[in-house]
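*Asks:* Need coordinates for the below:
(chains A and B)
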Protein chains: 2
Amino acid sequence: MRSPLDTPVIRAVDPDERALATPFLKSLTRLIRAQDTYGMWEDKSDADLLADFIVTKEQRREIPIIGDPDPDVLWRLQIFYTCVALAIEERSGLLASSTMMMSPEGFGRVVLTTGRLVVLSKTLRDVHRFGFDTLGKLAKAGAKLVDDAIAAIEAYPDAARA
Amino acid sequence: MRSPLDTPVIRAVDPDERALATPFLKSLTRLIRAQDTYGMWEDKSDADLLADFIVTKEQRREIPIIGDPDPDVLWRLQIFYTCVALAIEERSGLLASSTMMMSPEGFGRVVLTTGRLVVLSKTLRDVHRFGFDTLGKLAKAGAKLVDDAIAAIEAYPDAARA
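*Replies:* Sure, this is the predicted structure:
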């Protein structure tokens, strides 16, 4: 039996929990749960829901990049950028729309726009291997895309509102 | 035998020929011929090459919009917007890039950008039936998209060059 003293005192220091508490990952888990029509994931923790977003360097190397990307990985990619778009909307008050183009070979492009402004434009490569080393890196990557988009909106306010 | 008098004197009045002489349709036929790797279309006239872009109202009604759009119609859609992007580049001197997203059901979106500016954003519907009543309407539709894009670049020169 574990004594109460065995549980870590400063739980917030755990990097995964800290990541899960960021606005980006909170929003991402909320988006994922919104797609849980049949309540099959109700018992899953947030960390469980995001588990497939975590792909270590070793795992990445083992994923072949031939053939079509797994539909699940495309779904994760889609929900990741939807989450970025949502965060941009929340922070800027402007509608952000997302266009994603994907070749069957796993190359593609994603474009997020508000008004006439391109707030994010990214070439996607090796989509088969889409993932992040840790939850912290996932949260950081999302937040950075949002920050960059907000900076673009501030730099070109007229085009963003056109 | 036809006497020379039977041939129309003012040939340039023929609306198809006038359309084929527009910069947009010249560019479109050039793009199509550029894809003719094996020289199979060498004997075809420009009007022949563009024939499949012409879909009359009656023909349109007969095309079912269930199932995946024909790959040929997707190819025409792609080359049409590529041609628009190319014309924008020629007139503005700015690189235009195109992102097209298509659901298997024939709904989609096309976004053309220069720098950080969205110069064209269009929702695509009933892609199965993509086509124009006449060559003149095809030329006009293309030229209008180009004109609108150029107007946007002039309105937001900084974002277009970002």
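*Asks:* near chain B, which residues of chain A?
*Replies:* Along chain A, the residues adjacent to chain B under the rule C-beta under 8 Å from any C-beta of the partner chain are A:99-101, A:109, A:111, A:113, A:115-119, A:121, A:152, A:155-156, A:158-159, A:162. To be clear about C-beta, it is placed using only N, CA and C from the backbone, and glycine gets the same treatment.
*Asks:* Now intersect those residues with the helices, please.
*Replies:* Secondary structure from DSSP state H places A:Ala152, A:Ala155, A:Asp158, A:Ala159 of the residues of chain A next to chain B in helices.
*Asks:* so the third one sits right up against B:Pro157, yeah?
*Replies:* Just to be clear, that refers to A:Asp158. No - at 10.9 Å, A:Asp158 does not count as touching B:Pro157 under the criterion of C-beta atoms under 8 Å.
*Asks:* where in chain A is pLDDT low?
*Replies:* By pLDDT under 70, the low-scoring segments of chain A are A:1-12.
*Asks:* what ranges do the helices span in it?
*Replies:* Counting by DSSP H, the helices of chain A are A:15-20, A:23-34, A:46-50, A:57-62, A:71-92, A:135-155, A:157-160.
*Asks:* just these: most buried one?
*Replies:* Scoring those by mean neighbour count under mean count of other C-beta atoms under 10 Å in any protein chain shown gives helix A:157-160 as the most buried, with a mean of 20.
*Asks:* Can you pull out the residues in contact with that one?
*Replies:* Contact partners of helix A:157-160, identified using C-beta atoms under 8 Å, 6 or more residues apart in numbering or on different chains, comprise A:92, A:94, A:114-117, A:119, A:152-153, B:116-117, B:156, B:159.
*Asks:* same thing but at 6 Å, please
*Replies:* The contact list for helix A:157-160 (C-beta atoms under 6 Å, 6 or more residues apart in numbering or on different chains) reads A:Leu94, A:Thr114, A:Gly115, A:Arg116, A:Leu117, A:Ile153, B:Tyr156, B:Ala159.
*Asks:* Need the max-distance pair from the residues you listed.
*Replies:* A:Leu94 and B:Tyr156 (15.2 Å; C-beta to C-beta).
*Asks:* When the two are compared, which one has more neighbours?
*Replies:* Remark: of A:Leu94 and B:Tyr156, B:Tyr156 carries more neighbours, 25 against 17, as counted by other C-beta atoms under 10 Å in any protein chain shown.
*Asks:* residue contacts, the more buried one?
*Replies:* By C-beta under 6 Å, 6+ apart, the neighbours of B:Tyr156 are A:Ala159, B:Leu117.
*Asks:* Just the buried ones from the residues of chain A next to chain B, in ChimeraX syntax?
*Replies:* Selection of the buried residues among the residues of chain A next to chain B in ChimeraX, burial being defined by 16 or more other C-beta atoms under 10 Å in any protein chain shown:
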select /A:99,100,101,109,111,113,115,116,117,118,119,121,152,156,159,162
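*Asks:* Turn the contacts of helix A:157-160 into JSON lines, including distance to A:Val55.
*Replies:* Shown next, in JSON lines, are these (distance: C-beta to C-beta, whole Å):
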{"residue": "A:Leu94", "distance to A:Val55": "32"}
{"residue": "A:Thr114", "distance to A:Val55": "30"}
{"residue": "A:Gly115", "distance to A:Val55": "35"}
{"residue": "A:Arg116", "distance to A:Val55": "35"}
{"residue": "A:Leu117", "distance to A:Val55": "32"}
{"residue": "A:Ile153", "distance to A:Val55": "31"}
{"residue": "B:Tyr156", "distance to A:Val55": "39"}
{"residue": "B:Ala159", "distance to A:Val55": "35"}
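*Asks:* what residues does stretch A:84-95 touch?
*Replies:* A:Ala96, A:Ser98, A:Leu112, A:Thr114, A:Gly142, A:Leu145, A:Val146, A:Ala149, A:Ile150, A:Ile153, A:Ala160.
*Asks:* what about stretch A:41-49, how long is it end to end?
*Replies:* 8 Å (C-alpha to C-alpha, to the nearest Å).
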